[in-house]
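> Below are the sequence and a predicted model for it; my questions follow.
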Amino acid sequence: MDRRNMEPYIGLLRQLIGLKTITAHVENVNRAQDTIRAFLSEHGVTCAMEELDGRKILYASNTPGKTPDLLLNAHVDVVPAENDAQFSPVIEGDWIVGRGSGDCLGNAVCAVKTLCEADDDVSIGVIFSSDEETGGRTTGHMVSLGYAAKRLVCVLDNYDDDNICFSQKGIMHLKLSTRGVSGHSSTPWLFDNPVDKLITGYARLLEKWHNPTAEDSWHASIAGTMLRAGIIANQIPDAAEMSVNVRYTRPEEKEQILDFIRKTTGAEVEYVSGRPPLAVRSDAKELDLLAGVMEKHSGKRPDLTRMHGATDASYFASGSAPVAIIGIKFSGAHAKSERASLSSIEKYSLVLNDLARALKRS
């Protein structure tokens with residue numbers, strides 16, 4: 001690693017971590033967007049700031065318009081920390097330790113470095129989103145405004161041993177509700193208990209669902225996550241509800257799954273929020289170009305992988321360009337041990353610039 005070349009970017013990353021860009025702290029997240037914009041502007045990179053519900057969304061590019069050949073996406077918001085010490089980054093050899101160092105501020109700085117050092121004749125743009133940890137509506141907003149890629153989208157938000165993720169499951173957040181007749185718990189036969197109906201319906205769903213296993217996991221999954229009912233221990237409530245998280249692999253499954261859950265549980269099913277699945281053709285030419293560049297810098301041919309979790313990549317699923325999910329080397333996402341490799345930030349900026357050159361030649 002060229003430490004002298006990296007010092008400005010390490011300084012930027014330290015500054016961003018120290019801003020405490022927790023998603024709910026909109027002012028702090030906006031301050032991070034302004035900080036990145038100032039850094040890029042000093043390096044001659046063109047920037048535009050969009051906004052959604054008071055949240056700033058930075059777009060930076062070395063080419064005119066909203067559709068570069070290579071579009072990068074990284075988010076600047078982070079999850080809360082156990083204590084403020086996690087917002088005071090520490091350098092330990094090649095590692096920078098602190099909240100957001102890997103997820104995803106280190107990746108954002110990698111995108112900054114890529115832009116600052118890009119050749120004049122390549123075409124790169126970056127969306128710096130600001131609410132990925134709570135659903136990523138800011139990325140969706142940018143897509144709705146016409147920001148897209150001509151050739152390839154790279155979402156910088158996942159490290160998987162220098163492999164390329166080309167597919168991720170969609171998400172549905174659902175609310176299951178049952179209603180009954182409330183009354184004193186000493187005489188349950190006089191009333192209609194919605195808790196019993198909800199539990200019985202969900203148990204019936206689990207019996208018929210057949211969740212994936214570790215050995216065969218690329219199927220739709222369901223998990224109950226929250227239960228709410230009642231206000232006091234000796235009263236049967238008049239309503240009960242449960243939050244359910246569904247992950248699914250194919251867009252056409254969405255309505256089928258909703259219909260199955262309604263019929264099986266007998267509950268009222270409300271679709272609260274969600275994101276579509278992402279499925280890219282594994283033989284896409286642009287993925288092959290990316291794999292070749294990564295092999296050059298890592299010494300091994302990357303595998304094409306799938307992920308059960310979600311990133312902002314799902315918002316690009318309806319576009320014409322393939323999408324790849326990659327990222328710098330880091331560990332301990334959302335944990336107090338979170339850390340990112342400084343040399344990996346440098347390496348992936350080289351990967352992305354080489355990729356931009358390969359796209360231009362092809």
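Thanks, I have the structure now.
> ranges for the helices of the chain?
Listed from the start of the chain, the chain has helices (DSSP state H) covering 3-18, 26-42, 105-116, 137-144, 194-209, 253-265, 285-298, 342-361.
> if you compare those helices, which one is most tucked away?
helix 105-116 (a mean of 27; mean count of other CB atoms under 10 Å). C-beta: built from backbone N, CA, C; applies to glycine.
> okay, it in PDB with CA atoms only?
Output for helix 105-116, consisting of C-alpha atoms alone and laid out as PDB, is shown next (Å, rounded to 0.1, in the frame of the first residue of the first chain):
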ATOM      1  CA  LEU A 105     -18.000   4.300   5.000                       C
ATOM      2  CA  GLY A 106     -14.800   2.500   3.900                       C
ATOM      3  CA  ASN A 107     -16.600   1.600   0.700                       C
ATOM      4  CA  ALA A 108     -17.700   5.200   0.200                       C
ATOM      5  CA  VAL A 109     -14.200   6.400   0.500                       C
ATOM      6  CA  CYS A 110     -13.100   3.700  -2.000                       C
ATOM      7  CA  ALA A 111     -15.600   5.200  -4.400                       C
ATOM      8  CA  VAL A 112     -14.200   8.700  -3.700                       C
ATOM      9  CA  LYS A 113     -10.700   7.500  -4.400                       C
ATOM     10  CA  THR A 114     -11.800   5.800  -7.600                       C
ATOM     11  CA  LEU A 115     -13.300   9.100  -8.900                       C
ATOM     12  CA  CYS A 116     -10.400  11.200  -7.800                       C
END
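> Contacts made by it with the rest, please.
Applying CB atoms under 8 Å, 6 or more residues apart in numbering, the external contacts of helix 105-116 come out as 9, 12-13, 16-17, 21, 32, 36, 39-40, 43, 45, 60-62, 72, 74-76, 78, 96, 100, 124, 126, 128, 156-157, 327-328, 330, 340, 344-346, 348-349, 352-353.
> Likewise for stretch 284-293?
Looking at stretch 284-293 with CB under 8 Å, 6+ apart, the contacting residues turn out to be 151-152, 154, 164, 166, 280-281, 301-302, 304, 321-322, 324, 326, 351, 354-355, 358-359, 362.
> can you tell me which of these are in strands?
Residues from these lying in strands, with DSSP state E as the criterion: 152, 154, 164, 166, 304, 324, 326.
> what bridges to the last one?
Right, I326. The residues listed as beta-bridge partners of I326 by DSSP bridges are L156.
> you'd agree it is up against C165?
Yes. Taking CB atoms under 8 Å as the contact criterion, I326 and C165 are neighbours in contact, 7.1 Å apart.
> which residues are in contact with both of the two?
Shared contacts of I326 and C165 (CB under 8 Å, 6+ apart): N158.
> Regarding stretch 108-127, how distant is the last residue from the first?
For stretch 108-127, the first-to-last residue distance is 9 Å (CA to CA, to the nearest Å).
> what's the average pLDDT for it?
With pLDDT averaged residue by residue, stretch 108-127 scores 97.
> can you count the residues close to D2?
Here the number of neighbours of D2 (other CB atoms under 10 Å) works out to 8.
> so what's it closest to, chain neighbours aside?
With sequence-adjacent residues excluded and distances taken as CB to CB, 6 or more residues apart in numbering, D2 is closest to E346, at 6.9 Å.
> One more: A356?
Using CB to CB, 6+ apart, the closest residue to A356 is V122 (3.8 Å).
> how many other residues sit next to that neighbour?
Counted with other CB under 10 Å, the neighbours of V122 add up to 22.
> How about E215?
By the measure other CB under 10 Å, the count of residues near E215 is 5.
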